[in-house]
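Student: got a predicted structure plus its sequence, pasted below:
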Amino acid sequence: MTMRLRGHLVLILLTAIATPATDPWVIRRVAGQVHSFNRVTFVDSKTGWMTDFSPGVLKSEDGGITWSRIGSNLRTELISAVWFPTLDQGWAIGVSHAEERAEPVIMNTQDGGQSWRIQKRLRDGVCQLLDVWFLDVTHGWVTGSCDNEGLILTTRDAGANWKIVYQGAEFTPEIRRVRFADSRTGWAVGQWAILFTTDGGTTWRRQYKDAKAVALNDLTILSSNEAWAAGGWGFLLHTKNGGINWLRSPLPSETIHSFVCSVRFADRKLGWVCGAKGLVLSTTDGGESWQREHPAVDSVLTDIAVTSSHVFIPTDLSRLLVRSR
């Protein structure tokens, strides 16, 4: 091998070592929007919705490439979160300012967000709604708090009737997320507690309580035995036995004091965590190890949506983080 060829090979090798890996995240600015996004959800690889505490929702029908605001017929209702089990049927939570006193409301659309109707108003007490989630078009749950007591409402008839199935401060002063593996087995997380049900949410019992009062923010369910809960400062919990044991998952040392907002898995191996100051972590081995990713943002990242082809994280200033799977 000649000296010149040898020199070229050395130069190529040094360049490959010195060049950092390409960041997988792309910042996509949503045209015409002025608010920071709060929640994002997709019903399939093409159709998704985002909220930003404004009337109406933003909708994408091309896999998150473009978004357009769908104005609501409810002009005084500010939507904070949505969930769509189908392309047309969806539910939202928010606050209505139609009356002198602001009221938390549960809303329903049957035309993909083009129009909404209020199904329930919470008129009694000082209440806030934090999450809405449906297993199918019939069975759904809404969580929050009322008078400093955790709150869970459920419907078994597509929202024609909403019933409070849990209200109390024994376990937690607020319920932030609820998810079900099937029609009977589900979990809910709140401030320092994980609750569990095996009867569709009629009754709940506490599975986990943290002595340090960590605020658990999010929950993702992989099966009736396996689930993840996230929150607090670098707090990530995992169960593989239906919640009999919740074990803390090790995070990179430099992120252990980062505030965690959301956790999502595409399957049992591939998952993501996001949080404050642009925190994004990923795992490809089912949470045995987590790697720090470095999107060029420094804001609080509050939610994650995963489709068959992409991962989406809403951020500030009408921007959306997007990466291919």
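Tutor: Okay, I see it.
Student: need the contact list for W91.
Tutor: Taking CB atoms under 8 Å, 6 or more residues apart in numbering as the criterion, W91 is in contact with 82-84, 106-109, 119, 132, 134, 140, 142, 159. For the C-beta atoms, the positions are set from N, CA and C on the backbone; glycine is no exception.
Student: closest one of those residues to S262?
Tutor: W83 (14.6 Å; CB to CB).
Student: ok, the closest one - how many residues close by?
Tutor: W83 has 20 neighbours, counted by other CB atoms under 10 Å.
Student: surely it and V132 touch.
Tutor: Yes. With contact defined as CB atoms under 8 Å, W83 reaches V132; the gap is 5.0 Å.
Student: residues in contact with both of these two, list them for me.
Tutor: 91-92, 140.
Student: now those as JSON lines including secondary structure?
Tutor: Formatted as JSON lines, these follow (DSSP: H, G, I helix; E, B strand; the rest coil):
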{"residue": "W91", "secondary structure": "strand"}
{"residue": "A92", "secondary structure": "strand"}
{"residue": "G140", "secondary structure": "strand"}
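Student: of the residues you listed, closest to D62?
Tutor: A92 (22.1 Å).
Student: I'd like to know how far that closest one sits from W67.
Tutor: 17 Å (CB to CB, to the nearest Å).
Student: of these two, who's got more company?
Tutor: Higher neighbour count among A92 and W67: A92, with 29 against 24, using other CB under 10 Å.
Student: how about S223, what does it touch?
Tutor: Applying CB under 8 Å, 6+ apart, the residues near S223 are A181.
Student: check the secondary structure at it for me.
Tutor: Applying three-state DSSP: S223 is coil.
Student: next, give phi and psi for it.
Tutor: Torsion angles at S223 (phi, psi; degrees, to the nearest 10) stand at phi -160, psi -180.
Student: same question, K277
Tutor: phi 60, psi 40.
Student: ditto for G64
Tutor: Backbone torsions for G64, taken as degrees, to the nearest 10, come to phi 90, psi 10.
Student: does it touch F312 like I think?
Tutor: Yes. In this structure, G64 is within contact of F312 by CB under 8 Å, at 5.7 Å.
Student: what do those two both touch?
Tutor: Shared contacts of G64 and F312 (CB under 8 Å, 6+ apart): 42, 48, 320, 322.
Student: could you give the bridge partners of the first one?
Tutor: For F42, the beta-bridge partners are G48 (DSSP bridges).
Student: same question, the third one
Tutor: In this structure, L320 has beta-bridge partners R28, P314, where bridges are defined by DSSP bridges.
Student: neighbouring strands - and their directions - for the strand or helix carrying H238?
Tutor: Using DSSP states H and E, H238 sits in strand 235-239. According to DSSP bridges, strand 235-239 forms sheet pairs with strand 227-231 (antiparallel), strand 247-248 (antiparallel).
Student: could the shared contacts of G64 and F312 go into JSON lines alongside pLDDT, distance to S36 and neighbour count?
Tutor: Formatted as JSON lines, those follow (pLDDT from 0 to 100; distance: CB to CB, whole Å; neighbours: other CB atoms under 10 Å):
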{"residue": "F42", "pLDDT": "98", "distance to S36": "19", "neighbour count": "20"}
{"residue": "G48", "pLDDT": "97", "distance to S36": "17", "neighbour count": "25"}
{"residue": "L320", "pLDDT": "94", "distance to S36": "11", "neighbour count": "22"}
{"residue": "V322", "pLDDT": "97", "distance to S36": "16", "neighbour count": "18"}
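Student: return the distance of stretch 103-111 from the chain's centre.
Tutor: Computed by CA atoms, centre = their mean, to the nearest Å, the separation of stretch 103-111 from the middle of its chain amounts to 19 Å.
Student: ok, T198 to R117 distance?
Tutor: Going from T198 to R117 by CB to CB gives 33 Å.
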